[in-house]
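Chemist: Just the structure for this:
(chains A, B and C)
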Amino acid sequence: MLNERIICAGFGGQGVMLMGQLISYAGMLEGKEVSWLPSYGPEMRGGTANCSVMVSDRPIGSPVITDDATVAMVLNLPSLDKFENDVVPGGKLLINSSLIEKKATRTDITAYYIPANEIAVELGNPRVANMVMLGAFLELTKTVEVSSVLSALKKTFGESKLHLMPVNEEAMKRGAAAVK
Amino acid sequence: MAKVLMKGNEAIGAAAIKAGCKYFFGYPITPQNELPEYMSKEMPKVGGVFLQAESEVAAINMVYGAAGCGARVMTSSSSPGIALKQEGITYIAGAELPCVIVNIVRGGPGLGGIQPAQSDYNQVTRGGGNGDYKLLVYAPANLQEMVDLMQEAFDAADYYRNPVMMVGDGMIGQMMEPIEFREMPSRFELPAKDWATTGTKGARKPNVINSLFLAPQQLEDHNIRLQAKYDAMKANEARFEAYNMENAEVVIVAYGTTSRIVRNAIIDLKEQGINVGLIRPITLWPFPDKAFDLVPETCKSLLSVEMSMGQMVDDIKIASNGRWPVHFYGRSGGMIPTPEGVMNKVKEMVGGAK
Amino acid sequence: MAIVAQKSKGLTDKETHYCPGCTHGIIHKLVAEVLEELDVLGETIGVAPVGCSVLAYDYFNCDMHEASHGRAPAVATGIKRVMPDKVVFTYQGDGDLASIGTAEIVHVAHRGEKITTIFVNNAIYGMTGGQMAPTTLIGQRATTAPLGRTVEHSGMPLRVSEMLATITGAVFVERVSVDTPANIRKAKKAIKEAFQCQLEGKGFSIVEVLSTCPTNWGMTPIDSLKWLQDNLIPYYPLGNFRKPGEVK
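Modeler: Predicted structure coming up:
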């Protein structure tokens, strides 16, 4: 039974909220039960942002993740420190190795190191690091289809940003390749 | 219409505008800020008015003024802000005006916290304001239900000429969930608002919006009339959902987001051979007393699960009238009950795992 | 026989509850006459306060709201925003406006809300029995200042018109008195100008009317008028503080 509980975390501006929204949106398009919940209040004023995403076959109970994330994607060091212990044993931890030199300390989870910012810079758009991470996530978990995420992205972008689709799609491919 | 993914606070705003709300008066407070922000953006597009008041007190009094003119009007806030609005709410109830008040509940008492809570149960069902008055209080469990109930909330407010409160919590306000904006046929035949203060044009006697009755007999008559209205609301507006009641050993009572967590716990308990039912009040006032007639003979006890310290237990006791012992499990302060926590409590009640 | 004077159509036939010698009656009459003369009675919604004039909704012959204590400007804002073409006024005393309702009056002016406020200042709480108001003078006795108000304890009396005149959105601010026939005529002129400002959509307008309270001042009506002249007017000077056009 599908029941993914996903944390996306990083600096404000890294696009972690969007990553989570795209997973939820794609899940909705596939008829799955989804929810997205941002951190809010003073903690988001400090410059770090995170959101909790649920994708499930059954109705979502609490949209809050306490210490039972099946996957955590961390894009900066404070997020690794904060969320490493919230992943369930056997869960996955995706680390943006471009900005995080530290390694995961736990041995009961699988850590993946993705140089998301370097790949994004190679692609000529440093802002798509989040999509590199998302590509890796989709490759590893198959929570939703890549095509659904692309449909969601298209809707989110609207007309004015459609020209950004190719680089975002490429970023997801490169992220997937990084964990193959 | 296709499903859309929308933040709760914004979905509330969209649903209100769809229900014909044209006026919004509010004041910033976490975790409901996206609602006034959304209204400031969207109201002008429909020829409506958004105004940020100088305080919650002023905002609810602007609602009072606008409602007196017959407008469909709304305000929103979160727990401490709702406490400030109580003065205006009792005046609106006393003057018998319709409006919708959204309360995205956060933890208390005092400044409390900003994380989700249900600790306004007493504030919204007992009323923090003075006098014998009641609000019709809806507590939807997900965004779809919140959106679906909005039309009814405005219609019921107009029909009963009474303030209606829509209660969510930080989770409902902040989360995104798929929503479909559906056409909701009105259950009410709404009379013309001939009491509204729109100027006499010299063609009728002045209309007066008022809650002052200095003569004791007049005020008692007013209260008796109000009470008859509340009795009608009790008879017609109590709403609930019953789930998995058949052969239940324990029936849990939970509302709002808490009921979602409980539902997952019930599924897991069933797999472990423990049958647990759920009564989910959709209206907190009137409390759905009749739901307890559905509790099966197999049931040995009731359990209130809340994000508060047992505020709903009294209502469960009144409604169940001594037929079953009532237990309590809750978290507070923004801590969210887990399915495991609920399951452990149930197991403790039924004497361990089977 | 020709009619030379009659009650304004702006007032109902209801007998008022005001004490003998109280100047509320005069002020009601002036507001009613102005509304009638401007031919806007049928387009007017008034807001009554909490205080002595709480029952004003029974006396003005137009649609009325009764507000909670101090909140009349907020209620009026709600009304005006729903019906921008109507004439909306609040009628408030000094406890209501200058004490519990300071936030509301400041912000209705701050927003330049196109309403008119009639502010009746008699330097005391009348309805509740003569307690000290923010406008009570130094040395003036009140039931909560039995030895007379002191600066040390309660500060200096609040000059509301001067304060509101500092706010850009308040386009018409004038203090008047109803102690003499001449002053009553000036008061009516100011009230009319204030409503005209509203009709022309210029912004917030307020007329502060110095008034008496023979009952709680413990004086005859005649002595009250004299006390107003000797004490209130020196501290609360009459005159215009702001007219449209002066707003920068």
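
Chemist: Now for C:Val178, how many residues are close by?
Modeler: By other Cβ atoms under 10 Å in any protein chain shown, 25 other residues sit near C:Val178. Heads up, the C-betas are built off the backbone N, CA and C, glycines and all.

Chemist: Check whether B:Thr258 sits in a helix, strand or coil.
Modeler: Look at B:Thr258: counting by DSSP: H, G, I helix; E, B strand; the rest coil, its state is helix.

Chemist: Next up, the contacts around B:Asn321.
Modeler: By Cβ atoms under 8 Å, 6 or more residues apart in numbering or on different chains, B:Asn321 lies in contact with B:Phe292.

Chemist: gap between it and B:Asp289?
Modeler: 9 Å (Cβ to Cβ, to the nearest Å).

Chemist: can you check C:Asp13 too?
Modeler: Distance from C:Asp13 to B:Asp289, by Cβ to Cβ: 49 Å.

Chemist: okay, these two: which has more neighbours?
Modeler: It is B:Asp289, of C:Asp13 and B:Asp289, that has more neighbours when counted by other Cβ under 10 Å, with 17 against 7.

Chemist: pLDDT score for the residue nearest to that one when sequence neighbours are not counted?
Modeler: Nearest non-adjacent residue to B:Asp289, counting by Cβ to Cβ, 6 or more residues apart in numbering or on different chains: B:Ala319, 4.2 Å away. If you check B:Ala319, the pLDDT there is 97.

Chemist: these two touch, right, B:Ala319 and B:Ala291?
Modeler: Yes. Between B:Ala319 and B:Ala291 there is a contact under Cβ atoms under 8 Å: 7.4 Å.

Chemist: list the residues that contact both of those two?
Modeler: Common neighbours of B:Ala319 and B:Ala291 (criterion: Cβ under 8 Å, 6+ apart): none identified.

Chemist: So A:Thr110 is in contact with A:Leu94, correct?
Modeler: No. Under the criterion of Cβ under 8 Å, A:Thr110 is not in contact with A:Leu94, lying 9.6 Å apart.

Chemist: More neighbours: which of those two?
Modeler: Relative neighbour count places A:Leu94 above the other of A:Thr110 and A:Leu94, with 28 against 15, counting by other Cβ under 10 Å.

Chemist: so the spatially closest residue to that one that is not a sequence neighbour, which of the three states?
Modeler: Distances taken as Cβ to Cβ, 6+ apart place A:Met73 nearest to A:Leu94, at 4.4 Å, with adjacent residues excluded. Here A:Met73 is recorded as strand under three-state DSSP.

Chemist: all strands for chain A, in order.
Modeler: Assigned by DSSP state E, the strands in chain A fall at A:3-11, A:33-38, A:48-56, A:69-74, A:87-96, A:110-114.

Chemist: Any regions of the chain where pLDDT drops low?
Modeler: No chain was given, so I picked chain A. A:41-47 (pLDDT under 70).

Chemist: could you do chain C instead?
Modeler: If you take pLDDT under 70 as the line, chain C has these spans: C:246-248.

Chemist: which parts of it sit against chain B?
Modeler: C:12, C:41-45, C:47, C:54-55, C:57-58, C:60-68, C:71, C:74-83, C:86, C:103-104, C:106-107, C:110 (Cβ under 8 Å from any Cβ of the partner chain).

Chemist: cool, and chain A?
Modeler: Contact residues (Cβ under 8 Å from any Cβ) of chain A with chain B: A:21, A:24-25, A:28, A:34-38, A:40-42, A:58-64, A:66.

Chemist: Could you turn the buried ones of those residues into a ChimeraX selection?
Modeler: Buried subset of the residues of chain A next to chain B, written as a ChimeraX selection, criterion 16 or more other Cβ atoms under 10 Å in any protein chain shown:
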select /A:21,24,25,28,34,35,36,37,38,40,41,60,61,62,63,64
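
Chemist: now the helices for chain B?
Modeler: Using DSSP state H, the helices of chain B run over B:8-18, B:34-42, B:56-68, B:79-94, B:121-122, B:143-160, B:170-174, B:216-237, B:256-271, B:313-320, B:339-350.

Chemist: and what of chain A?
Modeler: So, for chain A - with DSSP H - the helices run A:16-29, A:42-45, A:77-83, A:116-122, A:129-141, A:146-157, A:165-178.

Chemist: If you drop the residues flanking it in sequence, what lies closest to the residue of chain C found nearest chain B?
Modeler: In chain C, the residue that lies nearest chain B is C:Gly78 (2.6 Å; Cβ to the nearest Cβ). Excluding the flanking residues, the one nearest C:Gly78 by Cβ to Cβ, 6+ apart is B:Gly65, at 2.6 Å.

Chemist: what does the model give that neighbour for pLDDT?
Modeler: Looking at B:Gly65, its pLDDT stands at 98.

Chemist: quick one: it from C:Val88, how far?
Modeler: B:Gly65 is 9 Å from C:Val88, by Cβ to Cβ.

Chemist: just B:His222 next, same as before
Modeler: Distance of B:His222 to C:Val88, given as Cβ to Cβ: 26 Å.

Chemist: Which one of these two is surrounded by more residues?
Modeler: Neighbour count, other Cβ under 10 Å: between B:His222 and C:Val88, C:Val88 has more, with 30 against 17.

Chemist: check which helix or strand covers the more buried one.
Modeler: Using DSSP states H and E, C:Val88 sits in strand C:87-93.

Chemist: and the helix or strand just after that strand, what other elements does it pack with?
Modeler: Later in the chain than strand C:87-93, the nearest helix or strand by DSSP H and E is helix C:94-95. The helices and strands touching helix C:94-95, judged by 3 or more Cβ pairs under 8 Å, 6 or more residues apart in numbering or on different chains; DSSP states H and E, are strand C:116-121.

Chemist: Okay, now the sheet partners of the strand it packs on, with direction.
Modeler: Neighbouring strands of strand C:116-121 in its sheet, by DSSP bridges, are strand C:87-93 (parallel), strand C:204-210 (parallel).

Chemist: immediately after it, which helix or strand?
Modeler: Using DSSP H and E, the helix or strand that follows strand C:116-121 towards the C-terminus is helix C:151-154.

Chemist: now what about that next one, what contacts it?
Modeler: Residues beyond helix C:151-154 that count as contacts (Cβ under 8 Å, 6+ apart) turn out to be C:Met132, C:Thr136, C:Ile138, C:Ala145.

Chemist: just to revisit the earlier point, for B:Gly65 and C:Val88, list the residues in contact with both.
Modeler: Joint contacts of B:Gly65 and C:Val88 (Cβ under 8 Å, 6+ apart) are C:Val47, C:Ala76, C:Ile79, C:Lys80.

Chemist: Just those residues: which are in helices?
Modeler: By the criterion of DSSP H, membership of these in helices covers C:Ala76, C:Ile79, C:Lys80.

Chemist: For those, pick the one with the most neighbours.
Modeler: Within these, C:Ile79 tops the neighbour count with 31 neighbours, counted by other Cβ under 10 Å.

Chemist: Since that was my last question, I'll sign off now.
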